[in-house]
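> need a structure here:
(2 chains)
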There are 2 protein chains.
Amino acid sequence: MSFTEHPDFAAALSLAGQLADVARAIALRHFRTPLAVERKGDGSPVTVADRGIETEMRRMIRAAFPGHAIRGEEFAPEGSGGFTWVLDPIDGTKSFVTGYPLFGSLIALLQGDRPVLGVIEAPALRERWVGCEARPTLCDGRQVSTSACRAIEQAVVYTTTAETFDAAERRRFESLSARAALRRFGGDCYLYGMLASGYCDLVIEVQLKPHDFMAAIPVVEGAGGRITDWRGAPLTSASDGRVVAAATEALWREAIGELRAD
Amino acid sequence: MSFTEHPDFAAALSLAGQLADVARAIALRHFRTPLAVERKGDGSPVTVADRGIETEMRRMIRAAFPGHAIRGEEFAPEGSGGFTWVLDPIDGTKSFVTGYPLFGSLIALLQGDRPVLGVIEAPALRERWVGCEARPTLCDGRQVSTSACRAIEQAVVYTTTAETFDAAERRRFESLSARAALRRFGGDCYLYGMLASGYCDLVIEVQLKPHDFMAAIPVVEGAGGRITDWRGAPLTSASDGRVVAAATEALWREAIGELRAD
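This is a model prediction of the structure:
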């Protein structure tokens, strides 16, 4: 049974929209204002906005679905059970703290291990992609679909930064992207929205955490794309952080052929 | 005499705003629609939007100031004389053609060799920076100023892409940016707007043409920043394409110390 037939589907979808509304409001209240930037244990930056958004999202989820589990970037896991909300209050914090508008808030709902609902919210650009298992992805309410690109030679390839690749990853990325029509950098979660809307054709990344990629799965798949790890296996909370998303099955197959370790 | 006291100042400022309005309208009509992308002689992409914007801008300039010269990215030079309009209809065409919102239109007016008026228009973000010699820079009508950052260790450093650096340039960029608080990529002309508004502190680029940097000069200087070539010399139409822009004199001096060839 797809989640769209579940009795809680409508309420969960509505809540996801409200979580994104709150994320947008809080993010824009802090964006381009003086912000103290703390460093977390892994060196990544965090601000009062990241924590404020996640705190408010958790409060709203607990109120609406007290039986659901919550996993977020900034605080400890809460609860367990059949449904889990996976939250990244600000994806692209380095963009956010430098006034660069391509950051986003990510909201996913997992049924068991399956992401059945995903929202990519881009506050500064006032754009929002919503994907639900077995439904077409919407951007700001309008149905979107990935491009028809089937070959790397015609593909626009994006990655957030080449700096996170290790030597072997970089070799494979270079070999693949050298054949592409255009290779571009930067974007974080916004790239998966761009892919869903057909603006770019291939997104290749490493070192992503489940809160970075879970929301992208229903968004990309509901728009007709494929998104997996570099071996072609489904993304799960145990994935190694390597992600490839492609506009079409054919392009995905070609990309996997290059990215898969021999 | 500063250009603000020239009898044509008000009309030129008003025209610059109208040119930016037209650039925004035409760019947004084509952004994220299917576009034929041609390659120019140097391999850089160009579309009907680049040409449409520049054609319309030239028509408007000729109508308002028939005695002014025009230099633009897409067409042959027109006229000569004391005043020259320097135009880049779409800076960041690779962003534009891939649906990435950080592209811009650049408009500069030179009196002799001196850029006295500069506009950075970001159509998809609906933001516009206007700088005039001897006046404070405005972003969407509000006065902006660069940050107070005086040391590289506290600086957010941006460059569009590290891929355009040659080996020596890359060494110097690496050595400088390794000391920075944060190093980020991507943005094209939008980076100079971000610097003027105080969001980032240092922008370092190479291979820029006069139409890429002329508009940024009044914007950055009117916001309190410094912008020169890597040796610290003023940017002119004969510059070597290396550009450094800094929030403060002290930061600029430190950056020049690292970037200047020995």
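
> for A:Met194, what are its contacts?
Counting by Cβ atoms under 8 Å, 6 or more residues apart in numbering or on different chains, A:Met194 makes contact with A:158, A:187, A:200, B:98-100. C-beta coordinates here come from the backbone N, C-alpha and C atoms, glycine included.

> again, only using 7 Å
With contacts defined as Cβ atoms under 7 Å, 6 or more residues apart in numbering or on different chains, A:Met194 is in contact with A:200, B:99-100.

> and what of A:Arg170?
Taking Cβ under 7 Å, 6+ apart, we find A:Arg170 in contact with A:Ala162.

> spell out which parts of chain A neighbour chain B.
Of all the residues in chain A, those in contact range of chain B (Cβ under 7 Å from any Cβ of the partner chain) are A:32, A:94, A:98-101, A:125, A:156, A:161, A:182, A:184-186, A:194, A:197, A:199-200.

> let's see 6 Å
Within chain A, the positions lying close to chain B (Cβ under 6 Å from any Cβ of the partner chain) are A:98-99, A:156, A:185-186, A:194, A:199-200.

> and the helices in chain A?
The residue ranges that make up the helices of chain A, judged by DSSP state H, are A:9-30, A:48-64, A:93-97, A:167-177, A:190-196, A:210-213, A:216-222, A:249-259.

> run the chain-centre distance for the first one.
Helix A:9-30 has its average C-alpha position 15 Å from the chain's average C-alpha position, going by Cα atoms, centre = their mean, to the nearest Å.

> neighbours of A:Thr160, just the number please.
Neighbour count for A:Thr160, taken as other Cβ atoms under 10 Å in any protein chain shown: 27.

> now A:Ala25
So A:Ala25, with other Cβ under 10 Å, has 12 neighbours.

> for A:Leu19, see how far away it is.
Separation of A:Ala25 from A:Leu19 (Cβ to Cβ, to the nearest Å): 11 Å.

> quick check: domain ranges of chain A?
Structurally, chain A divides into domains by automatic domain parsing as follows: A:3-143, A:152-259.

> for B:Ala36, which of those is the nearest?
Relative to B:Ala36, the nearest member of the domains of chain A by Cβ to Cβ is domain A:152-259, separated by 13.2 Å.

> can you give me the end-to-end span of the closest one?
Separation of the first and last residues of domain A:152-259 by Cα to Cα, to the nearest Å is 12 Å.

> also stretch A:144-152?
22 Å.

> average pLDDT for that stretch?
For stretch A:144-152, mean pLDDT is 98.

> ok now it, how far from the chain's centre?
Using Cα atoms, centre = their mean, the distance between the centre of stretch A:144-152 and that of its chain works out at 19 Å.

> what's around A:Trp59, how many residues?
Quick fix: residue A:59 reads Arg, not Trp. Neighbour number of A:Arg59 under other Cβ under 10 Å is 11.

> can you check the one 5 residues further on too?
For A:Ala64, the number of neighbouring residues by other Cβ under 10 Å comes to 16.

> thinking it is in contact with A:Gly17, fair?
No. Under the criterion of Cβ atoms under 6 Å, A:Ala64 lies out of contact with A:Gly17, with a separation of 11.9 Å.

> tell me how far the spatially closest residue to A:Leu35 that is not a sequence neighbour lies from A:Glu54.
The shortest distance from A:Leu35 to any non-neighbouring residue, by Cβ to Cβ, 6 or more residues apart in numbering or on different chains, is to A:Thr47 (4.8 Å). Distance check for A:Thr47 against A:Glu54: by Cβ to Cβ, it reads 11 Å.

> identify the residues contacting A:Gly187.
Contact criterion Cβ atoms under 6 Å, 6 or more residues apart in numbering or on different chains gives A:102, A:158, A:160 as the residues in contact with A:Gly187.

> and the residue of the stretch 1-150 of chain A nearest chain B?
A:Gly99 (2.6 Å; Cβ to the nearest Cβ).

> run a quick neighbour tally on the nearest residue to that residue once chain neighbours are set aside.
Taking Cβ to Cβ, 6+ apart as the measure, A:Gly99 lies nearest to B:Tyr199, with 2.6 Å between them; neighbours along the chain are not counted. Neighbouring residues of B:Tyr199 were enumerated by other Cβ under 10 Å; the total is 22.

> can you check A:Leu138 too?
18.

> just list whatever residues bridge to the spatially closest residue to it that is not a sequence neighbour.
Of all residues beyond its chain neighbours, the one nearest A:Leu138 is A:Val130 (5.0 Å), with distances taken as Cβ to Cβ, 6+ apart. In this structure, A:Val130 has beta-bridge partners A:Val119, A:Leu138, where bridges are defined by DSSP bridges.

> thought A:Pro136 was touching A:Val130, still the case?
No. The pair A:Val130 and A:Pro136 fails to qualify as a contact (Cβ under 6 Å) at a distance of 10.0 Å.

> returning to what we had before: ranking the domains of chain A by burial, who's on top?
Comparing the domains of chain A on average neighbours per residue, with mean count of other Cβ atoms under 10 Å in any protein chain shown, the densest one is domain A:152-259 at a mean of 21.

> hmm, back to that, so who does the residue of the stretch 1-150 of chain A closest to chain B touch?
Residues in contact with A:Gly99 (Cβ under 6 Å, 6+ apart) are A:32, B:194, B:199.

> can you rerun that using 7 Å?
Residues touching A:Gly99, when contacts are defined by Cβ under 7 Å, 6+ apart, comprise A:32, B:194, B:197, B:199-200.

> repeat that for A:Val206.
Applying Cβ under 7 Å, 6+ apart, one finds that A:Val206 lies in contact with A:164-165, A:169, A:241-242.

> distance check, it against chain B.
Separation of A:Val206 from chain B (Cβ to the nearest Cβ, to the nearest Å): 16 Å.

> now that residue: phi and psi?
As for A:Val206, its main-chain torsions (degrees, to the nearest 10) stand at phi -130, psi 170.
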